[in-house]
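Colleague: heads up, no residue letters with this:
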């Protein structure tokens, strides 16, 4: 972290709205840098989550709110709000925060429609307040290096980029089949919910606008008609559970993975909560018998203004949980798996490797989450224009492409922009 601090200033005061995994991550910065930031109120409907964070930061009872409606009726004086609510609950609190004069750190995606995104953009201009969208890849050391290499001019101009987002089976079945992000109406299409990070990175990398795009994808597999013979509505009741690659019993009970969002009351253990979920909760359901409607495969192809082509593949039928980027340029190529970057300069017929393996092991997206918070605080404190393009105005570019990709997928049309 940068130590170029203005120590004569008071810590920036922050209100946390929505206390899930993302908010808990961003609050690590506040915990580590009390001289820079101070949490003054917590807004969260879940009592366990609300009080856990409020207790951690010694928030008084009158600054603990069960809803953002209550908070905005009785606002606490602060410089900024961090909004990490479910995606369907981004628009209203963000608009009200701007109307009441707060700067906003907004978890991606911005909103559920492009009009809502534009509303937030225009309201931020009207209020003269910053809205920073959490496109964390722009702060990740490996992806920042890729951008630096491409922009150097050493390898010529981009001809094509192929980028793959391997979401992975465990993440998908937890979040997008059984979990709270499994419907478009309740959240967003998969390409927005999971891949707007990636599209933002690709637009940033290209540096040119998209002119045409087309997208294909569907919910191909996680459907009731594909349920194996002998399967049950719940994994705990299933005769073939031990042979199923999507078993909730295996994921949560045997491996104890993807359980960070299971809230544990004082009188419970985590195993109590897992047991309850497996027998009665959404996370114990068979993946073939959920209410999901988001895609489980998708591809997006974009033709940019300079003629270059960008392809994004969203894959979930893999045990990998990573991003790979393959950039073909006129005088070289750059390939990355998120841990190493392989750089080939054609004239020298030699490949160099930049190794980020150890950095990739560091928590919080290799420190990128905390760097994002730091840069947001720098911007609202007037200590430098350091948002790396993650302002709401810049984020509109990638969000438009996500919405248009869905229009293409549903209509079968190539969209001219």
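Modeller: That came in fine, so what should we check first? Note that the structure is a prediction, hence the values are computed from the model and not measured. Numbering: from 1, shown residues only.

Colleague: scan the chain for its longest helix.
Modeller: helix 392-411 (DSSP state H).

Colleague: which elements pack onto that helix?
Modeller: helix 114-127, strand 131-133, helix 190-193, helix 196-206, strand 210-218, strand 297-304, strand 415-416 (3 or more CB pairs under 8 Å, 6 or more residues apart in numbering; DSSP states H and E). Backbone N, C-alpha and C define where each C-beta goes, glycine included.

Colleague: and the residue nearest the centre of the chain, helix, strand or coil?
Modeller: Geometric centre of the chain, nearest residue: residue 108, 5.5 Å, by CA atoms, centre = their mean. Taking DSSP: H, G, I helix; E, B strand; the rest coil as the rule, one finds residue 108 in the coil state.

Colleague: that one contacts residue 194, doesn't it?
Modeller: No: at 10.0 Å, residue 108 and residue 194 do not qualify as touching, with contact defined as CB atoms under 8 Å.

Colleague: can you give me the neighbour number for residue 196?
Modeller: 23 (other CB atoms under 10 Å).

Colleague: what about it, distance to residue 163?
Modeller: 13 Å (CB to CB, to the nearest Å).

Colleague: and if you look at residue 90?
Modeller: 25 Å.

Colleague: the two: which is more packed in?
Modeller: The neighbour count for residue 90 versus residue 163, taken as other CB under 10 Å, is higher for residue 90 (28 against 22).

Colleague: how close does the more buried one get to residue 112?
Modeller: Counting by CB to CB - residue 90 and residue 112 are separated by 8 Å.

Colleague: then residue 50?
Modeller: 25 Å.

Colleague: ok, now residue 71?
Modeller: 21 Å.

Colleague: how about the contacts made by the closest residue to residue 116 other than its chain neighbours?
Modeller: Distances taken as CB to CB, 6 or more residues apart in numbering place residue 91 nearest to residue 116, at 4.6 Å, with adjacent residues excluded. The contact partners of residue 91, by CB atoms under 8 Å, 6 or more residues apart in numbering, come to 111-112, 116, 119-120.

Colleague: distance of residue 91 from residue 325?
Modeller: 31 Å.

Colleague: which stretches of the stretch 51-200 of the chain form strands?
Modeller: For the stretch 51-200 of the chain, the strands defined by DSSP state E, counting those that start in this stretch occupy 64-65, 80-83, 103-106, 131-133, 158-166.

Colleague: export those to TSV and append columns for mean pLDDT.
Modeller: Below are the strands of the stretch 51-200 of the chain laid out as TSV (pLDDT from 0 to 100):
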stretch	mean pLDDT
strand 64-65	98
strand 80-83	98
strand 103-106	98
strand 131-133	97
strand 158-166	98
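
Colleague: in a markdown table: those, plus distance to residue 412.
Modeller: Compiled in a markdown table, the strands of the stretch 51-200 of the chain are given as follows (distance: least, CB to CB, whole Å):
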| stretch | distance to residue 412 |
| --- | --- |
| strand 64-65 | 46 |
| strand 80-83 | 35 |
| strand 103-106 | 33 |
| strand 131-133 | 30 |
| strand 158-166 | 23 |
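
Colleague: out of these, flag the one nearest residue 16.
Modeller: Residue 16 lies closest, by CB to CB, to one member of the strands of the stretch 51-200 of the chain: strand 80-83, at 5.4 Å.

Colleague: if you count contacts, what does the closest one end up packed against?
Modeller: So strand 80-83, by 3+ CB pairs under 8 Å, 6+ apart, packs with strand 12-17, helix 91-99, strand 103-106.

Colleague: tell me which strands it pairs with, and in which orientation.
Modeller: strand 12-17 (parallel), strand 103-106 (parallel) (DSSP bridges).

Colleague: how does the chain divide up, domain by domain?
Modeller: The chain is divided into the following domains under automatic domain parsing: 12-136, 137-222+292-416, 224-289.

Colleague: for residue 110, see how far away residue 134 is.
Modeller: 10 Å.

Colleague: in terms of neighbours, single out the busier of the two.
Modeller: With neighbours defined as other CB under 10 Å, residue 134 and residue 110 compare such that residue 110 has more, 29 against 26.

Colleague: dump the residue contacts of the more buried one.
Modeller: 90, 94, 116-117, 120, 133, 392, 395-396, 399.

Colleague: any chance of the residues you listed in CSV, with distance to residue 30 too?
Modeller: Listed next are the contacts of residue 110 as CSV, based on distance: CB to CB, whole Å:
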residue, distance to residue 30
90, 21
94, 20
116, 28
117, 27
120, 24
133, 19
392, 22
395, 23
396, 28
399, 27
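
Colleague: start from the N-terminal end of the stretch 251-400 of the chain and give the helices.
Modeller: 270-280, 357-360, 363-366, 368-380, 392-411 (DSSP state H, counting those that start in this stretch).

Colleague: mean neighbour count and mean pLDDT added to the ones you listed, as a markdown table?
Modeller: A markdown table is the format used below for these (neighbours: other CB atoms under 10 Å; pLDDT from 0 to 100):
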| stretch | mean neighbour count | mean pLDDT |
| --- | --- | --- |
| helix 270-280 | 16 | 97 |
| helix 357-360 | 13 | 92 |
| helix 363-366 | 17 | 91 |
| helix 368-380 | 22 | 94 |
| helix 392-411 | 20 | 96 |
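
Colleague: and residue 138, which of those is closest to it?
Modeller: Judging those by CB to CB, what sits closest to residue 138 is helix 368-380, at 8.0 Å.

Colleague: still on that earlier bit, any idea how far the residue nearest to the centre of the chain lies from residue 383?
Modeller: From residue 108 over to residue 383 (counting by CB to CB), the distance is 24 Å.

Colleague: repeat for residue 397
Modeller: Noted for residue 397: a distance of 26 Å to residue 383, by CB to CB.
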